[in-house]
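> Model the structure of this input:
(chains A and B)
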Amino acid sequence: MDKKVLKGLLILIACAVLVVSAVFVFVLHSEHSELLEGFLYGAIGVGLFMITAKILTLIQKEGKQDD
Amino acid sequence: MIEFDIPPFLIYFLGAALILLLGKGKVRKIFLVALAVFGFVCVWQIQPHTGWVFPIFSGIELTFLHADRLSLIMGYIFALAGGGAIIYAISTVKESGQYVCGLLYLGSALGAVFAGDFFTLYIFWEIMAFSSLGLIWYEGSKRATNAGMRYILFHLFGGCALLAGIIIHYTNTGDIAVQSIEPGIGYFLLLIGIGVNAAFIPLHTWLPDSYPKATIAGTIFLSIFTTKTGIYVLARTFSGVEAVAYMGGAMCLYGVIFAILQNDVRKLLSYHIVSQLGYMVAGVGMAGVGMGVIGLDAAAMGTMAEKLALDGAIAHLFNNLLFKTTLFMCMGAVIYRTGKNNLTDMGGLARKMPITMITCVIAALSISGVIGFNGYISKGMVIHAAELKEMHILALALTLGSVGTLISFIKLTYFAFFAKNEHIEAKEAPLPMLVPMCVTAFLCMAIGVYPKLLYWILPYKGAALHYLAFELPHTLGTVELVLMTVFLFFMLGYFAPHEKITFDIDYLYRKAGRGFIWFCENPLAHFAIGVEKVVLRIADSFITFGKNPIRGIRMVVDTIGIALLKPFVFVYNLVIQPVYRHYERDLEEVKMRPAEEPLERMSIGTGVLLVLLFFALYLIAMLVQGWLA
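Alright, predicted model coming up:
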């Protein structure tokens, strides 16, 4: 299988998993919803750190050592 | 079993003294291994009790050995990790002085842990600061020297705050036992003093600044003692303070955000110390007030959540020392073999350093809280305690901290060992480095698989034994979190290392420091010179007046006349000019006269008048004072 297709497929699966988890946790409030919270925390965490890293690029400078 | 009733610090201090006599050969190596093992055995067999009490003044007793469940677990892990650091150092350290610093540091950390009173604690606190400074300065570079200077300045500030807090507490209560203290100025000073060592935000900057610049072995020692002693004293004195718990949440996120951005491997690990300390600080803050003082009625104190919080904090401290020491050892071995510090220069080491790679991956999985490794147990305890106490924001911050930890350790292990780099040259680390790495990595897995090994030595083992680490929702949630984070890390490819430096708060400190030095060298110095001139002039005037009062009075009158007329002399030239010139000429003439010239005679009436004048001034002063009173 082409690498790009595989990557696209994986992203689709991840999105589907996230949507299902979000529906269970935020809409249905099912008693089993906590079993799916881990996916959401993972996605929220990665997103949060991506945004923070982007913001912190404003206070970065080129170089290898902080002398 | 033979029982030693010796404070452990004595063993290591004696070792530090003896090592100078042993040269640099095999005898020294054997001695170091024996000392590491003997020290651990001595700590292991200490029973809960209080000993080595020395009265110094009336009412003050210094206690050098106070052992309870909390100090004992600290003693075990310090002796174990410290012993590992000693053995690890054998391959890289040539100078005996560096061993002396390391042993004094280890001994003083144990001295602080087993101290029964604040003054003994302070003594060892300061020895720790200075002995650890040696481990930074032994690196020898200008960077290390400067970083060491900033390190000791921070610790002297913290030490002063701690001592001031202790003195205020003693003055108020007359008690110097290590325990919770009443709110007040002393309370805040003590919190600041401990906060420096526990790397509270924004007092943390000394840590990522100095640890990466120490010697390879020095960094291992540094990563073990200072911050963990801070957490231990925090648990003794500030358990149950909610603000401290939220400080833990802030540390967890702050440390991990900066860790993700690092390229220097030791700097990345240093920021992770701040982050992992966050879990411990949060646990201490969530515990019950006064729970850090473990006594006979310990079991009766606090709710289950509070006991679990303190157990979680101490369990995470124990586990953190295992996996963080392993990580620093692995990265130290990589730097030792490759001479490279930055992730952008590494890669391709998995085949060249396989044992180092395996131990590093185990430690990375442990710190990330993956199931089957020790970090999963202790992080879970702290987060579960936050949920039980309904501190949901804190629980969320700690969970997101786990995600950040996983991101930065995928980055570290992938780019150090698995990324392509055909040009790198390295071979496996030497045996004395590998042995402690393997032992600590094995313990990470052993506790992860069978957590009761740890539960039995925690301060509140009953609460720990009730904690179900492998409950389905928690286990499944962790698996999902790990899978999603790993997937997004590789799919997005966003967190690759780059040759950039991120400024921390210390940028502001350095700017402020430079500003302070400029202020001292310029305006303050000019002001001081001005004050000195005025004081000298006044002193001269007094001398002149003392030698010849008439001449002195004339000079004062003329000077005042000149000062008063000078602004007007150009405006009302015709009227003022002649008077001004008179004063000027008169002053010059008086100045030219020798001070020792014969005194002009004064009439008796003038003398009496002067005496009466002074007497009247005295009476007025007394009268005014009486009114004011």
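> quick one: the helices in chain A?
Counting by DSSP state H, the segments of chain A that form helices are A:3-22, A:37-56.
> let me fix that: the stretch 501-629 of chain B
B:506-519, B:525-547, B:549-565, B:573-592, B:604-628 (DSSP state H, counting those that start in this stretch).
> Highest mean neighbour count out of those?
Mean neighbours per residue, mean count of other Cβ atoms under 10 Å in any protein chain shown, is largest over the helices of the stretch 501-629 of chain B for helix B:549-565, with a mean of 15. C-beta coordinates here come from the backbone N, C-alpha and C atoms, glycine included.
> Nearest residue to the middle of the chain?
Assuming you mean chain A. Central residue of chain A (Cα atoms, centre = their mean): residue A:43, 2.5 Å from the mean position.
> You answered for a different chain; I wanted chain B.
Central residue of chain B (Cα atoms, centre = their mean): residue B:197, 2.9 Å from the mean position.
> Pull the contacting residues for that one.
Residue B:197 is in contact with B:125, B:155, B:158, B:226, B:227, B:229, B:230, B:233, counting by Cβ atoms under 8 Å, 6 or more residues apart in numbering or on different chains.
> how close does it sit to residue B:232?
Using Cβ to Cβ, to the nearest Å, one obtains 10 Å as the distance from residue B:197 to residue B:232.
> Need the phi and psi values for residue B:471.
phi -70, psi 150 (degrees, to the nearest 10).
> How many neighbouring residues does it have?
Number of residues near residue B:471 (other Cβ atoms under 10 Å in any protein chain shown) recorded here: 12.
> And residue B:60, by the same measure?
For residue B:60, using other Cβ under 10 Å, the count is 14.
> gap between the residue nearest to it when sequence neighbours are not counted and chain A?
Leaving out its chain neighbours, the residue that sits closest to residue B:60 by Cβ to Cβ, 6 or more residues apart in numbering or on different chains is residue B:176, at 6.3 Å. As judged by Cβ to the nearest Cβ, to the nearest Å, residue B:176 and chain A stand 41 Å apart.
> which residues of the chain score low on pLDDT?
Because you didn't say which chain, this covers chain A. Within chain A, the set of residues satisfying pLDDT under 70 comprises A:1, A:64-67.
> Switch to chain B, please.
B:1-4, B:294-300, B:570-573, B:594-602, B:628-629.
> for the longest helix belonging to it, which positions count as buried?
In chain B, with assignment by DSSP H, the single longest helix is helix B:304-338. Within helix B:304-338, the residues scored as buried using 16 or more other Cβ atoms under 10 Å in any protein chain shown are B:305-338.
> Contact partners for residue B:476?
Here residue B:476 is in contact with A:35, A:38 (Cβ under 8 Å, 6+ apart).
> any idea how far the helix or strand hosting it is from the chain center?
Residue B:476 belongs to helix B:472-492 when assigned by DSSP states H and E. Its chain's C-alpha centre lies 35 Å from the corresponding centre of helix B:472-492 when counted by Cα atoms, centre = their mean, to the nearest Å.
> From chain A, how far off is residue B:382?
For residue B:382, the distance to chain A - Cβ to the nearest Cβ - is 16 Å.
> One more: residue B:152?
Here the distance between residue B:152 and chain A works out to 19 Å (Cβ to the nearest Cβ).
> I'd guess that residue is in a helix, am I close?
Yes. Under DSSP: H, G, I helix; E, B strand; the rest coil, residue B:152 sits within a helix.
> I'd like to know which of the helices of the stretch 501-629 of chain B lies nearest to chain A.
helix B:506-519 (7.9 Å; Cβ to the nearest Cβ).
> tell me the angle of the closest one relative to helix B:525-547?
When axes from the mean of the first three to the mean of the last three Cα atoms, to 10 degrees is applied, the directions of helix B:506-519 and helix B:525-547 differ by 30 degrees.
> Work out the gap between helix B:506-519 and the centre of the chain.
The chain centre lies 20 Å from the centre of helix B:506-519; the measure is Cα atoms, centre = their mean.
> Ok, stretch B:257-269 next?
Distance, centroid of stretch B:257-269 to centroid of chain: 19 Å (Cα atoms, centre = their mean).
> same thing with stretch B:356-370?
27 Å.
> Alpha carbons of that stretch, as CSV, please.
In CSV, the C-alpha atoms belonging to stretch B:356-370 read as follows (Å, rounded to 0.1, in the frame of the first residue of the first chain):
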residue,chain,number,x,y,z
THR,B,356,22.5,1.8,27.3
MET,B,357,19.6,2.0,24.8
ILE,B,358,17.5,-0.7,26.6
THR,B,359,18.0,0.9,30.0
CYS,B,360,17.2,4.3,28.6
VAL,B,361,14.0,3.1,27.0
ILE,B,362,13.0,1.4,30.3
ALA,B,363,13.6,4.6,32.2
ALA,B,364,11.7,6.6,29.6
LEU,B,365,8.7,4.3,29.8
SER,B,366,8.9,4.6,33.6
ILE,B,367,9.0,8.4,33.7
SER,B,368,6.2,8.5,31.1
GLY,B,369,3.9,6.4,33.4
VAL,B,370,3.5,3.5,31.0
